[in-house]
Every structure is written in C-alpha cells, then in structure tokens.
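Asker: Whatever this is, show me its structure:
(2 chains)
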Amino acid sequence: MTNLEVKNEEKHITLSGWFWLVLGTVLIFMVINDVFSDSANQQFFNTGFVMLFLGIAVFYKIKAFFNSKKYTDGYQDEFIKQVNNTACRHALYCTVFVIVAVWMIGSVITIPFTHETVSLVYLATTSLSYGASIIWHNRD
Amino acid sequence: MQVKVAELRKINNLSQQELADLISVSRKTISTIETGRFTPSVVIALKIARHFEQPLESLFELETSD
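Answerer: This next block holds a predicted model:
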C-alpha cells in the first residue's frame, strides 16, 4: 500500500464521518419539521428525500471507492479499518435499538408518525451513529 | 501496556507523519499507538521496531494490570 493511498484513506474517513453526521442532523431536523407541520405535500417531500438520500449514498460510495478493489475490500489501513468496523457496529446497534424501541412503544406515542417519518428516523439514527462514531474514534 | 514509540520517535527527530510514511501507515495510526488508544498488530509493531532497530520489548512493555 502506497503512502498516497494511505493519505487518501485518511482523508476519506474524516470526510465520511462529517458527511454522515451532517446528513443525520438534516434528517433529524426533517423529522422534527415533519412532526410539527401539517402539510399535504409533506409525505411526497419525505418520500422524495428518502429516494434522494439513497441516490446520494450509492453515488458517494461509488465515487469514494473509485476502483473496484477498494470498493470490495474497503479500507486497507489497519487503524482506519478498525474505526470503520467499529462505526458500522455502532450504527447497527443504534438502529436495532431504535427499531425495537419504536416497535415496543410505538403504540403509546400519541404523535401520528407516518411510515416515511419513521423511515427518516431510522436513517437519521444510522447516519448520526455512524458519523459520530467515526469522528470520535478518528480524533487525535 | 506502556508504549515508548513517541520517545524513540522524538529521539530520532521524526514527526508522526514522517514515521507513518516510513512504515506505510496513516498518521492517526502512529498518533493513537502513542497515546495507547490503539493496539497495533504484530506486523505494524515489528515494522516500527525494525525501523528503529530496537527489540520489540523495548517499544511495548506489559504492565502488571495487563
């Protein structure tokens, strides 16, 4: 592995952390806006955003791991690989926790959440936990 | 575990980035090894030891709590 590849990975993991954290924050704001607004277009807007999110995520992953080896093997640097694996694990735990929490207390909540809003909650949880975990573990 | 990589690096007048470049790892790897937040693999530990021409035991020492 060349030094240039190592530096690229280092740069990428930092950008990746901020990207997912910012995206998660935007999604949280959307959920809050969705809960407290009563717009007829809200559902269409949210569905559109979820589709846009998936598009950005796929495009981002393809562009970031521009060659096929990198795309299949992931990070090569030992520390960065560990940070990424830990962040994926945290994202999984957080998302499962929120899914279980919604499943258990969903009927108690009086706010009428739509399916789109709940999907945004899941996406926000995944993005925030992944981004925050990367930034936390990638600190100096 | 006591890590003496930082001491050796400073004695050899190397920055974290320079040491990282010499053994082909990221600067964060060196930084987190030095602060004890990351335990490197045997391969990286041996690379560092080989670079400084020191035995591995002089770079990483087990403490009684380990």
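Asker: okay, CA-based contacts and neighbour counts for the rest of this
Answerer: Will do.
Asker: Contact residues of chain B facing chain A?
Answerer: Applying C-alpha under 8 Å from any C-alpha of the partner chain, one finds that chain B approaches chain A through B:D21, B:S24, B:V25, B:S26, B:K28, B:T29, B:S31, B:T32, B:F38, B:P40.
Asker: These in strands, which ones?
Answerer: Taking DSSP state E, every one of those sits outside strands.
Asker: Buried ones among those residues?
Answerer: Neighbour-count burial (16 or more other C-alpha atoms under 10 Å in any protein chain shown) is assigned, among the residues of chain B next to chain A, to B:D21, B:S24, B:V25, B:S26, B:K28, B:T29, B:S31, B:T32, B:F38, B:P40.
Asker: Redo these as JSON lines? Include pLDDT.
Answerer: Formatted as JSON lines, these follow (pLDDT from 0 to 100):
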{"residue": "B:D21", "pLDDT": "92"}
{"residue": "B:S24", "pLDDT": "91"}
{"residue": "B:V25", "pLDDT": "92"}
{"residue": "B:S26", "pLDDT": "91"}
{"residue": "B:K28", "pLDDT": "91"}
{"residue": "B:T29", "pLDDT": "92"}
{"residue": "B:S31", "pLDDT": "93"}
{"residue": "B:T32", "pLDDT": "92"}
{"residue": "B:F38", "pLDDT": "90"}
{"residue": "B:P40", "pLDDT": "91"}
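Asker: Among these, which pair sits farthest apart?
Answerer: Spanning the widest gap among those are B:D21 and B:F38, at 18.0 Å by C-alpha to C-alpha.
Asker: Could I get the buried residue list for the host helix or strand of A:T125?
Answerer: Assigned by DSSP states H and E, A:T125 falls within helix A:115-137. Neighbour counts over helix A:115-137 (16+ other C-alpha under 10 Å) mark A:116-117, A:119-135, A:137 as buried.
Asker: With stretch B:44-53 instead?
Answerer: Residues of stretch B:44-53 classed as buried: B:I44, B:A45, B:L46, B:K47, B:I48, B:A49 (neighbour count, 16+ other C-alpha under 10 Å).
Asker: and the third one, what is it in contact with?
Answerer: With contacts taken as C-alpha atoms under 8 Å, 6 or more residues apart in numbering or on different chains, B:L46 has the following neighbours: B:L56.
Asker: Secondary structure element holding it?
Answerer: Using DSSP H and E, B:L46 falls in helix B:42-52.
Asker: which element follows that helix toward the C-terminus?
Answerer: Using DSSP H and E, the first helix or strand after helix B:42-52 is helix B:56-59.
Asker: Thanks a lot, see you next time.
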